[in-house]
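J.: I would like the atomic coordinates for the input below:
(one chain, ligands or ions: 2)
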Amino acid sequence: MPSITALDARIVFNSRGSKTIEVDVVTDKRFSGRACAPSGASVGKLEAQSFPDNKPEKALIAFKANRRKFIGLDASDTKAVFEALRSVDRTDNYSKIGGSVAYALSIAAVDSAAKARGVPLFRLLNPKKPYRFPFPLGNVLGGGAHAGPGTPDIQEILACPVGANDIKEALEMNFHFHSEMRKVIESLDSRFTYGRGDEGAWAPNVNNDQALSIAEKTIERCGYRLGKDMALGIDFASSSFWDEKNNVYDYKRQGIKRNTADQIEFANSLIKEYKLVYVEDPVHETDFESMAILTKQNPKTLVTGDDMLVTNAAMVKKAVGFGACSGAILKVNQAGSLYDALQFAKECTKNGIGIITSHRSGESVDSHIAHIAVATGSKMIKTGVLGGERVAKLNELLRLSEYDLIEGMAELTPTT
Ligand code: 2PG
Ligand code: MG
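T.: Ligands and ions are numbered 1, 2, ... in the order given. Below you'll find the predicted structure:
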């Protein structure tokens, strides 16, 4: 067994220039694993808390005070690491030790264990075939919490190269789409600055409707067929503009307010008009009833919970009770430790809910999520298109294609 012999941690910076925690785990005195915790801008209410009292320094102190408890553990045993974390932090959301520590420690442990065993991480996490490549779901045009005033209220317009035959072709299609989109935006706005949001998506001065029409025009310009070669998706991140007091979705930037019925109708109309293969958080995080309506009415679309499910197995059970969600975002740092996230993945698979493994808007150049996506049988990996921290994950998928073990692309149609 790859036994943990040393651990260290430090504060480093993420892609937004904010402080975060990076952990090193050494097994058998020579195999070194490392992971750096990402962070979100649109954060679900029930997510793990990254740092005690929101202070990275306190997470580092908590790590140092407790690190000896992990010495001697089997680094490949995600449950043992989880239990050791829980022995020092019994809160629901890792607020005592910090979700960032739970994330970085649990992933650095399997990173070192994979090296000790001489296997790729996805094999360590799931020794059973078949493996498939997730479709890369790339944020190409965005606003919301990821970009400034003038951009759409909708957080992300996403491209998914559904017609790609292999992962290389899929990545090339997304890069092509992203670069052609700039030309479409420029043709409509000669003053476009080439500005991009936190995840590398274009951040033009357009409203929600214009954003979608730009995406559709880009598909034409690339010579793709909408929904056949290249499909579109949307992350509404609608909790971020849900006005709880007045019960309306407040599209402030566009000056439109929608009540719940209007919001369902709006989401439905976009799904139809743009043949959306994917919609994420179309309604706010506690509205399971409306999510169930959209899930039922759109059997060909992955109606996906992010802030709604917060990578929590109990929330999947709740969603299943409502008939809500055919897709589920998996972000390890929402859950805290890797074990929590793998339990969530199991619950999704058991209930026929498609998994979409995802980055955060504040990222590092780590590429573990490429392995987690393959190991969990994710249908998609949502990890942006441009920016070094996004491309790091995409390039790792290319490296994984050198293993003959991975047999083609995932099956996309929802199974619920
Ligand atoms: C989301 C994510 C990633 P953030 O809402 O899905 O795209 O954004 O990390 O800011 O929560
Ligand atoms: Mg989201």
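J.: state whether V140 is indeed within a strand.
T.: Yes - per DSSP: H, G, I helix; E, B strand; the rest coil, V140 lies within a strand segment.
J.: quick check, pLDDT for T415.
T.: Note on T415: pLDDT of 50.
J.: got the residues of this structure near ligand 1?
T.: 40-43, 145, 155-156, 199, 235, 237, 306, 358, 360-361 (CB under 6 Å from any ligand atom). No exception for glycine: its C-beta is placed from N, CA and C like everyone else's.
J.: and of those residues, the nearest to A313?
T.: The shortest gap between A313 and any of the residues of the chain next to ligand 1 belongs to D306, at 15.3 Å (CB to CB).
J.: skipping adjacent residues, who's closest to the closest residue to ligand 1 within the chain in space?
T.: Relative to ligand 1, the nearest point of the chain is G40 (2.9 Å; CB to the nearest ligand atom). Closest residue to G40 in three dimensions, ignoring its sequence neighbours and counting by CB to CB, 6 or more residues apart in numbering: R360, at 4.6 Å.
J.: which of the residues of the chain next to ligand 1 fall in strands?
T.: Of the residues of the chain next to ligand 1, the ones assigned to strands by DSSP state E are E156, D235, S358.
J.: buried ones among those residues?
T.: E156, D235, S358 (16 or more other CB atoms under 10 Å).
J.: out of these, which are close to ligand 2?
T.: Among those, proximity to ligand 2 is found for D235 (CB under 5 Å from the ion).
J.: nearest to R253, of the buried ones among the ones in strands among the residues of the chain next to ligand 1?
T.: E156 (14.6 Å).
J.: residue contacts, the closest one?
T.: Applying CB atoms under 8 Å, 6 or more residues apart in numbering, we find E156 in contact with N139, L141, G142, G144, H146, E199, A201, I234, D235, A237, E280.
J.: from L330, how far out is it?
T.: 17 Å (CB to CB, to the nearest Å).
J.: what's the local residue count around the nearest residue to T357 once chain neighbours are set aside?
T.: Using CB to CB, 6+ apart and skipping the chain neighbours, the partner closest in space to T357 is A373 (3.8 Å). Using other CB atoms under 10 Å, A373 has 31 other residues around it.
J.: which of the helices or strands spans A373?
T.: helix 368-375 (DSSP states H and E).
J.: if I look at the closest residue to ligand 2 within the stretch 201-350 of the chain, how far off is H284?
T.: Of all residues in the stretch 201-350 of the chain, D306 sits closest to ligand 2, at 3.5 Å by CB to the ion. Distance of D306 to H284, given as CB to CB: 11 Å.
J.: out of those two, which sits in the busier spot?
T.: D306 (29 against 23).
J.: which residue packs closest to that one, ignoring adjacent ones?
T.: Closest to D306 by CB to CB, 6+ apart is I329, at 4.0 Å.
J.: and for F133?
T.: I167 is the one closest to F133 (CB to CB, 6+ apart), at 4.5 Å.
J.: which pLDDT value belongs to the one you found?
T.: So I167 comes in at 98 (pLDDT).
J.: pretty sure it contacts N395?
T.: No - if you go by CB atoms under 8 Å, I167 and N395 don't touch, sitting 10.8 Å apart.
J.: of the two, who's got more company?
T.: I167 (24 against 15).
J.: what sits against that one?
T.: I167 touches F133, P136, L397, L398, L400, S401, M409, counting by CB under 8 Å, 6+ apart.
J.: out of these, which sit inside helices?
T.: L397, L398, L400 (DSSP state H).
J.: if you rank these by neighbours, which is first?
T.: Ranked by neighbours (other CB under 10 Å), these are led by L397, which has 24 neighbours.
J.: give me the pLDDT value at that residue.
T.: 98.
J.: check contacts around it.
T.: Neighbours of L397 in contact, by CB under 8 Å, 6+ apart: F133, P134, P136, I167, L171, A370, I381.
J.: go on, S364?
T.: Going by CB under 8 Å, 6+ apart, S364 touches V12, N14, S15, T20, E22, C36, A37, P38, E389.
J.: hmm, try it at 7 Å
T.: Residues near S364 by CB atoms under 7 Å, 6 or more residues apart in numbering: N14, C36, P38, E389.
J.: out of those, give me the one that has the most neighbours.
T.: P38 (26 neighbours).
J.: burial measure for the nearest residue to that residue once chain neighbours are set aside, as a count.
T.: Excluding the flanking residues, the one nearest P38 by CB to CB, 6+ apart is R360, at 3.8 Å. Around R360 there are 25 other residues, counting by other CB under 10 Å.
J.: isn't R360 right up against V332?
T.: No - contact criterion CB atoms under 7 Å: R360 and V332 do not qualify, at 9.6 Å.
J.: list the buried residues of stretch 381-399.
T.: 381-387, 389-394, 396-397.
J.: and what of stretch 173-187?
T.: M173, N174, F175, H176, F177, H178, E180, M181, R182, V184, I185.
J.: mind listing what the last one touches?
T.: Contacts were defined as CB under 7 Å, 6+ apart; by that measure I185 touches F192, W202, P204, I214.
J.: contact partners for the second one?
T.: For W202, the contacting residues are V140, L141, M181, R182, I185, R196, by CB under 7 Å, 6+ apart.
J.: dump the buried ones among the ones in strands among the residues of the chain next to ligand 1 into JSON lines; add pLDDT and distance to K115 as well.
T.: Formatted as JSON lines, these follow (pLDDT from 0 to 100; distance: CB to CB, whole Å):
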{"residue": "E156", "pLDDT": "97", "distance to K115": "34"}
{"residue": "D235", "pLDDT": "98", "distance to K115": "34"}
{"residue": "S358", "pLDDT": "98", "distance to K115": "25"}
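J.: look up the closest residue to L338, ignoring the ones flanking it.
T.: Spatial nearest neighbour of L338, chain neighbours left out: S106 (4.1 Å); criterion: CB to CB, 6+ apart.
J.: just the strands in the stretch 151-300 of the chain please.
T.: For the stretch 151-300 of the chain, applying DSSP state E, counting those that start in this stretch gives strands covering 156-160, 231-235, 242-243, 248-251, 256-258, 278-280.
J.: now tabulate these in a markdown table and tack on distance to N66.
T.: Formatted as a markdown table, those follow (distance: least, CB to CB, whole Å):
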| stretch | distance to N66 |
| --- | --- |
| strand 156-160 | 37 |
| strand 231-235 | 35 |
| strand 242-243 | 37 |
| strand 248-251 | 42 |
| strand 256-258 | 47 |
| strand 278-280 | 35 |
